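S.K.: Next one to model:
(one chain, ligands or ions: 1)
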Amino acid sequence: MIDRIAQLRAQAGEAIAAAQDTEALDQLRVHYLGRKAELPLLLRDIGALPADQRGAVGRTANEARKAIEALISARSQEVQAQELSGSLLADALDVTLPGTPPRPVGRMHVIAATQRELEDIFLGLGFTVLEGPEVETVHYNFDALNHNPNHPARARTDTFYLRTEAGPGDSAGEREPSERLLLRTHTSPMQVRAMEAHPPPLYVVIPGRVYRPDSDATHTPQFHQVEGLAVDDDITLADLKGTLLAFARAIFGDQRDVRLRPHFFPFTEPSVEVDVSCFHCSGEGFLRDGSRCPLCKGEGWLEVLGAGEVDPDVYAHVPTTERNAPGYDPEKVQGFAWGMGVERIAMLRHGIPDLRLYYENDVRFLEQFGA
Ligand SMILES: [Zn+2]
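M.R.: Numbering: from 1, shown residues only. Okay, here's the model as predicted:
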């Protein structure tokens, strides 16, 4: 008799554990504990047993009944929780679903997309991306970059200066000339700031907005540049050419070539202008039908940026500090730098005729570019 009770208890335990919903549990409750079930009947008829067996059988049967009740109750809570979360999932409102009708998502502006692409190319070549302040001092924008006091870019007509309060210690009521503020005219001030903050070797690109008071089809008062600076041991013009060739091929196609033409910039020596072979006519200068290439105007080359070896005088403007120790000794380090216009690169690449189209925000223009 006691064996049979143990068997019933074990069977019930397995069946309860396997039950998957409230209905199955209700059926098990009837099957094992209902009025016509074996265990309750056995308890009811206990009086018919021999007196010496009643106590032990009764106790075992009662324990089995309580255990089965507890198992059903525990399993029932689990199953109810599962059923609840199942119904929550089934009824869930997905707020991330598109509305009706779905609205087109926006896209990146062609300038931002081009800038990101340039950053990716130079990241792939081992450069780090840095950003810098758009409001600069005369020191970082001109002095530290070897622009002498008579350089035309420093004229009030060529640069946006900011009216400034007197700085500490200025008796004349205005800041020291080198501490006066302006909207940076190029991303190059970050060359010196980057060297002040990091010891060599240094490989950085600096994208950002720059400002000059010009406005016509090929000039806007605000535009974007990507500056590059590499400083290390034994850096030559060949390293500059190789870096820019990799850039030109990534942007304008695998067949491109670059050429360097001598030029002058105050903060590079030697300085070069960099041309890329024309991708419209494959550098031939004329098209298949014999007509002159409209993009390069028959030259076969497109001017894309200015560059050069960093002038040793620029390193002399970088103080040695704890942060950039051992510092930039012009006798020991060499480097190259370039500055490219993001608008110009996107114009060449997409055949955009007028710079002002970038800023008019006409969606018919903007939706032709970017992803
Ligand atoms: Zn061409």
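
S.K.: Up against the ion, what does the chain have?
M.R.: 278, 280, 281, 293, 295, 296 (Cβ under 5 Å from the ion). Placement of C-beta: from N, CA and C, glycine included.

S.K.: Buried subset of those residues, written for ChimeraX?
M.R.: Remark: buried members of the residues of the chain next to the ion, expressed as a ChimeraX selection using 16 or more other Cβ atoms under 10 Å:
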select :278,281,293,296
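
S.K.: From the residues of the chain next to the ion, pick the one nearest residue 147.
M.R.: Minimum distance to residue 147 across the residues of the chain next to the ion is 31.3 Å, recorded for residue 296 (Cβ to Cβ).

S.K.: Confirm for me that the closest one is in contact with residue 287.
M.R.: No: using Cβ atoms under 8 Å as the test, residue 296 is too far from residue 287 to be in contact (10.8 Å).

S.K.: Overlap of the contact sets of the two?
M.R.: 280, 281 (Cβ atoms under 8 Å, 6 or more residues apart in numbering).

S.K.: Could you list the single helix or strand in the protein with the lowest mean pLDDT?
M.R.: helix 38-44 (a mean of 83; mean pLDDT, DSSP states H and E).

S.K.: and that one, C-alpha only, in PDB?
M.R.: Coordinates of each C-alpha in helix 38-44 appear next as PDB, following Å, rounded to 0.1, in the frame of the first residue of the first chain:
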ATOM      1  CA  GLU A  38      -7.000   7.000  -6.200                       C
ATOM      2  CA  LEU A  39      -5.300   8.800  -3.400                       C
ATOM      3  CA  PRO A  40      -8.400  10.400  -1.800                       C
ATOM      4  CA  LEU A  41     -10.300   7.200  -2.200                       C
ATOM      5  CA  LEU A  42      -7.500   5.400  -0.400                       C
ATOM      6  CA  LEU A  43      -7.600   7.900   2.400                       C
ATOM      7  CA  ARG A  44     -11.400   7.700   2.700                       C
END
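
S.K.: Now the helix or strand just after it: average pLDDT?
M.R.: Downstream of helix 38-44, the next assigned helix or strand under DSSP states H and E is helix 51-91. Averaged over helix 51-91, pLDDT sits at 87.

S.K.: packing partners for helix 51-91?
M.R.: Contact analysis of helix 51-91 by 3 or more Cβ pairs under 8 Å, 6 or more residues apart in numbering; DSSP states H and E lists helix 2-18, helix 22-33, helix 38-44 as its packing neighbours.

S.K.: Lowest average pLDDT across those?
M.R.: helix 38-44 (a mean of 83).

S.K.: For the residue at minimal distance from the centre of the chain, which non-adjacent residue is spatially closest?
M.R.: Nearest to the geometric centre of the chain sits residue 116, at 8.7 Å (Cα atoms, centre = their mean). Nearest-residue entry for residue 116: residue 108, 7.3 Å, with adjacent residues in sequence omitted and distances by Cβ to Cβ, 6 or more residues apart in numbering.

S.K.: Repeat that for residue 279.
M.R.: Per Cβ to Cβ, 6+ apart, closest to residue 279 is residue 252, 4.6 Å.

S.K.: what number of residues lie near the one you found?
M.R.: 20 (other Cβ atoms under 10 Å).

S.K.: ok, now residue 94?
M.R.: Counted with other Cβ under 10 Å, residue 94 comes out at 6.

S.K.: Now do the SS call for it.
M.R.: What DSSP: H, G, I helix; E, B strand; the rest coil gives for residue 94 is coil.

S.K.: Next: residue 228.
M.R.: Relying on three-state DSSP, one would call residue 228 strand.

S.K.: my read: it touches residue 243, true?
M.R.: Yes: the criterion here is Cβ under 8 Å, and residue 228 meets it with residue 243 at 7.4 Å.

S.K.: between these two, which one's more packed in?
M.R.: Neighbours were counted for residue 228 and for residue 243 using other Cβ under 10 Å; residue 228 has more, 27 against 22.

S.K.: show me the contacts for that one.
M.R.: By Cβ under 8 Å, 6+ apart, the neighbours of residue 228 are 122, 127, 204, 205, 206, 243, 307, 336, 337, 338, 339, 340.

S.K.: So the third one sits against residue 127, correct?
M.R.: Yes: here residue 204 reaches residue 127: they are 6.0 Å apart, a contact under Cβ under 8 Å.

S.K.: Low-confidence bits of this protein, can you list those?
M.R.: 165-174, 370-371 (pLDDT under 70).

S.K.: can you map out the strands along it?
M.R.: Using DSSP state E, the strands found in the chain span residues 128-129, 135-137, 181-183, 202-211, 222-232, 258-265, 268-277, 301-310, 334-341.

S.K.: Mind giving me the packing neighbours of the first one?
M.R.: If I follow you right, that is strand 128-129. So strand 128-129, by 3+ Cβ pairs under 8 Å, 6+ apart, packs with helix 110-124, strand 202-211.

S.K.: Rebuild the ones you listed as CSV, extending it with distance to residue 134.
M.R.: As requested, these are exported to CSV (distance: least, Cβ to Cβ, whole Å):
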stretch, distance to residue 134
helix 110-124, 15
strand 202-211, 6
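
S.K.: Just tell me which of those ends up closest to residue 220.
M.R.: strand 202-211 (9.6 Å).
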